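can you look at this prediction? I've put the sequence above it.
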Amino acid sequence: MALKVSHQSFSRFSRSAVCIFTCLLIQPWYLAVSADTTGGALTPNAAQAADILGIRQEAEQIISLRRSGASLTGDRHQLNNYRALVLRKIFEADLQTQSAESRIEFEIAYAYDAIARQQRKENNVNQIFNAVNFTQSGVFGILSGADDLQNKFVQESTESLVSGSVSTLLATTGILYGKIAKANHLTPPAFMLSYVKGKPVDGSDLPPLVMRYLDSPSPGESRTRREVLNTTWKQRYKADMANKKTLYGIDDGKARSQSYLNSRLNLLWSLYTTIEGFNSDLLSLLNQLRGNSTVDDSPSNTKVAS
């Protein structure tokens, strides 16, 4: 649960930072920061973000005009036009990223709720077993005590043996129940289908810019982010994007174990953290377009929830 809160806090911070830096991006040309720590060239992450948004040329023109001072009226007008286009594209990317993250957050919350419901069910069953165990122990304890007073030692021993056997049986049954118990009614109800679908976690049905981000390789990486993520899933969770049966869907109406739901959470969290890397790349692009002296040049590697 702490991991969930931490990711959501970081996500909210990233969204706010994107909005703030985007607003600062469209400040008048004469208020722009003059520092340029990258020599006018976009960093790999920023360049890729610009390519995904289709604004690579405009981004490079903004940097070029800012470095030259944009002293002519025509240059100022052109700079403002570029900034307006970049602003619209970055806000569009930010909104699509928020939409994708929100969808996954709903799926994560629903899975957590299903696990909590199953845990409550198992706790109730264990409480029943405990109550039965205490009751039979008390009853047989009283009977064996009475038999002892009457010197019925054989009957007393028999009752003690039966009581011990029942205690062992109840304890073993409780353990086995916890191993085989499954959560029922996992298919999201109709009124929630706009938010939670319970489909296999394959990274599809996401906004187009987010899909483009997943289908592009990180700078210096030959494989796309989706391929890197799929490789990790195969190694850790025996899940393969090419086989939806292995992607822990819950929309088929079948009862599922708690370990199954935990595996679904792992896939959802790893997909979520991968998408969050898009926010970092957008911030890197914004910093450079403003000429900020603190450009975020850290690679946006795939992260996997533990």
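That came in fine, so what should we check first?

in three-state terms, label the residue lying closest to residue 268 once chain neighbours are set aside for me.
Of all residues not flanking residue 268 in the chain, residue 108 sits nearest, at 5.0 Å (Cβ to Cβ, 6 or more residues apart in numbering). Just so you know, the C-beta spots here come from the backbone N, C-alpha and C atoms, and that holds for glycine as well. Using DSSP: H, G, I helix; E, B strand; the rest coil, the structure places residue 108 in helix.

contacts only, for residue 108.
4, 265, 268-269, 272 (Cβ atoms under 8 Å, 6 or more residues apart in numbering).

JSON lines for those residues, including pLDDT and distance to residue 128?
Conversion of those to JSON lines gives the following (pLDDT from 0 to 100; distance: Cβ to Cβ, whole Å):
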{"residue": "4", "pLDDT": "50", "distance to residue 128": "31"}
{"residue": "265", "pLDDT": "97", "distance to residue 128": "28"}
{"residue": "268", "pLDDT": "97", "distance to residue 128": "33"}
{"residue": "269", "pLDDT": "97", "distance to residue 128": "34"}
{"residue": "272", "pLDDT": "97", "distance to residue 128": "38"}
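
ChimeraX command to pick out the buried ones of those?
Here is the ChimeraX command that selects the buried residues among those (16 or more other Cβ atoms under 10 Å):
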select :4,265,268,269,272
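
give me the helices and strands touching the host helix or strand of residue 65, please.
For residue 65, the host element (DSSP states H and E) is helix 56-68. When contacts are defined as 3 or more Cβ pairs under 8 Å, 6 or more residues apart in numbering; DSSP states H and E, helix 56-68 packs onto helix 44-53, helix 73-149, helix 258-290.

do that again at 6 Å, thanks
Helix 56-68 sits against helix 73-149, with contacts defined as 3 or more Cβ pairs under 6 Å, 6 or more residues apart in numbering; DSSP states H and E.

next secondary structure after the helix it packs on?
Defined by DSSP H and E, the subsequent element after helix 73-149 is helix 153-180.

how about that next one, which residues are buried there?
Buried residues in helix 153-180 (16+ other Cβ under 10 Å): 156, 159-160, 163, 167, 170, 174.

which residue is nearest the middle of this structure?
When the chain is reduced to its mean C-alpha position, the nearest residue by Cα atoms, centre = their mean turns out to be residue 269, at 2.6 Å.

thinking again about what came up before, list just the nearest of the buried residues of helix 153-180 to residue 68.
Of all those, residue 174 has the smallest distance to residue 68: 76.0 Å, by Cβ to Cβ.

neighbours around residue 286, how many?
25 (other Cβ atoms under 10 Å).

in the stretch 101-250 of the chain, where is pLDDT below threshold?
Nowhere does the stretch 101-250 of the chain drop to pLDDT under 70.

can you confirm residue 41 is in a strand?
No. Checked against three-state DSSP, residue 41 lies outside a strand; its state is coil.

could you measure from the closest residue to residue 183 other than its chain neighbours over to residue 259?
Of all residues not flanking residue 183 in the chain, residue 118 sits nearest, at 4.1 Å (Cβ to Cβ, 6+ apart). Relative to residue 259, residue 118 is positioned 11 Å away (Cβ to Cβ, to the nearest Å).

distance of residue 110 relative to residue 103?
11 Å.

equivalent analysis for residue 270, please.
For residue 270 relative to residue 103 (Cβ to Cβ), the value is 15 Å.

higher neighbour count, the two?
Neighbours per residue, other Cβ under 10 Å: of residue 270 and residue 103, the larger number sits with residue 270, 23 against 20.
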